[in-house]
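Peer 1: no sequence on this one, just coordinates:
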């Protein structure tokens, strides 16, 4: 019998779970098309969605890797009938032009944001990842891979420090093994971690080292840019030897924000908030207002220009997302009203 506590079951989930007769409990560890692999007290089980869940839920509400679900057990298979409330969920704007949220995974304690110390390193992209992860209620951890390609680690440490984030920072090399021991030591039993980043930063290589096996195929390294080819195509949850749980993800070209544009707390933008407390106006946007302490800090060099630029860009992007989401809700509401009126008209005139 498997203890679900080892797979992330905690007081939050227990509080939101009501055991019912004929229903079993499991956690989604992999999604492949219409098949959902669960870890249950009996072991792994391949399941499908029950009809009422498949046709009665919006995309965000469907089970994702990391979700806890209830299912009907039929021995060698099962049917998922419910998704328990989520502790949190890592989301991003749906890639492309569609203004929707995409849920990447659920019930996550820590996010490992991986960048490569080659052409991949980008402090503004890193700020984007940290901002979104934090807004989702997940603790960010920064991992800079390919440390064998550089000699001055302090230079990159200083670049990350400019963001004024309190995120732990690790340097490593999956090629030489540098820093791997320290990364292994941070994992906590029963806690769920997710690994995110662009393609080619070495996520699959790092996962294989942490698992001490080749669970993910590693693409060949390009001699031109030292980047591995994109190999991970699904999100999967793995249990590490020390008891931690790690969700691997495909490389992401886009990581659009979905947090509330009105949320400018010190938790999301600490480098800005450090000075914003001294602004003349409480609702200062830190763009061109008189008495803006943030602008003053930028002009006198106390605030790094790249950090400020990142903040402005992220806030503008989030505001556009928020406005378009509200437009979509308004259009859906208008369409629903029109549909209702049309039905009433047909009933009245008996077409």
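Peer 2: Structure received. Small disclaimer: the values here were computed from a predicted structure and weren't measured. Numbers count the residues shown, from 1 in each chain.

Peer 1: what helix or strand does residue 312 sit in?
Peer 2: Applying DSSP states H and E as the criterion places residue 312 in helix 305-349.

Peer 1: what's the answer for residue 271, then?
Peer 2: helix 270-276.

Peer 1: next one: that helix to chain centre, how far?
Peer 2: 24 Å (C-alpha atoms, centre = their mean, to the nearest Å).

Peer 1: in that helix, what's buried?
Peer 2: Under the neighbour-count criterion of 16 or more other C-beta atoms under 10 Å, helix 270-276 has 271, 272, 274, 275, 276 buried. (Each C-beta comes from the backbone N, C-alpha and C, glycine too.)

Peer 1: now the residues you listed as CSV including pLDDT?
Peer 2: Formatted as CSV, the buried residues of helix 270-276 follow (pLDDT from 0 to 100):
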residue, pLDDT
271, 92
272, 93
274, 90
275, 94
276, 92
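
Peer 1: just send the residues you listed back as CSV, with distance to residue 84 too.
Peer 2: Supplementary listing: the buried residues of helix 270-276 in CSV, determined by distance: C-beta to C-beta, whole Å:
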residue, distance to residue 84
271, 37
272, 36
274, 39
275, 42
276, 38
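
Peer 1: isn't residue 312 up against residue 285?
Peer 2: No: when contacts are counted by C-beta atoms under 8 Å, residue 312 is not listed as touching residue 285 (9.3 Å).

Peer 1: where does the closest residue to residue 206 other than its chain neighbours land in three-state SS?
Peer 2: Nearest residue to residue 206 in three dimensions, chain neighbours excluded: residue 174, at 5.4 Å (C-beta to C-beta, 6 or more residues apart in numbering). Secondary structure state of residue 174, per DSSP: H, G, I helix; E, B strand; the rest coil, is coil.

Peer 1: residue 26 versus residue 174, what's the distance?
Peer 2: Residue 174 sits 32 Å away from residue 26, going by C-beta to C-beta, to the nearest Å.

Peer 1: for the buried residues of helix 270-276, which one is nearest residue 186?
Peer 2: Nearest to residue 186 out of these is residue 271 (C-beta to C-beta; 24.3 Å).

Peer 1: which ones are touching that closest one?
Peer 2: Taking C-beta atoms under 8 Å, 6 or more residues apart in numbering as the criterion, residue 271 is in contact with 162, 163, 164, 303, 304, 307, 311.

Peer 1: quick one, strands of the stretch 151-300 of the chain?
Peer 2: 169-171, 192-196, 236-239, 245-248 (DSSP state E, counting those that start in this stretch).

Peer 1: do you know which of those lies nearest residue 137?
Peer 2: For the strands of the stretch 151-300 of the chain, proximity to residue 137 was assessed by C-beta to C-beta; strand 192-196 is nearest, at 12.5 Å.

Peer 1: next one: the closest one to chain centre, how far?
Peer 2: On C-alpha atoms, centre = their mean, the centre of strand 192-196 falls 8 Å from that of its chain.

Peer 1: try stretch 41-49
Peer 2: Mean C-alpha position of stretch 41-49 versus that of the full chain (C-alpha atoms, centre = their mean) differs by 24 Å.

Peer 1: that stretch: which residues count as buried?
Peer 2: Buried, per 16+ other C-beta under 10 Å, within stretch 41-49: 45, 47, 48, 49.

Peer 1: state the pLDDT value of the third one.
Peer 2: Residue 48 is assigned a pLDDT of 96 by the prediction.

Peer 1: work out for me the element it sits within.
Peer 2: Under the criterion DSSP H and E, the helix or strand holding residue 48 is strand 43-49.

Peer 1: now do the contacts for the residue most central in space within the chain.
Peer 2: Among the residues of the chain, the one closest to the centroid is residue 90, at 3.2 Å (C-alpha atoms, centre = their mean). Residue 90 is in contact with 103, 104, 105, 106, 108, 111, 133, 136, 138, 194, 196, counting by C-beta under 8 Å, 6+ apart.

Peer 1: who does it bridge with?
Peer 2: residue 105 (DSSP bridges).

Peer 1: show me the contact partners of the strand holding residue 48.
Peer 2: Contacts for strand 43-49 (C-beta under 8 Å, 6+ apart): 2, 26, 29, 34-38, 62-63, 71, 73, 77-80.

Peer 1: try it again at 10 Å.
Peer 2: Outside strand 43-49, the residues that touch it by C-beta atoms under 10 Å, 6 or more residues apart in numbering are 1-2, 24, 26, 28-30, 32-40, 54-57, 62-63, 69, 71-81, 83.

Peer 1: make CSV from the strands of the stretch 151-300 of the chain and add distance to residue 205, mean pLDDT and mean neighbour count to it.
Peer 2: What follows is the strands of the stretch 151-300 of the chain, written out as CSV (distance: least, C-beta to C-beta, whole Å; pLDDT from 0 to 100; neighbours: other C-beta atoms under 10 Å):
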stretch, distance to residue 205, mean pLDDT, mean neighbour count
strand 169-171, 15, 98, 17
strand 192-196, 11, 97, 25
strand 236-239, 14, 94, 20
strand 245-248, 11, 96, 25
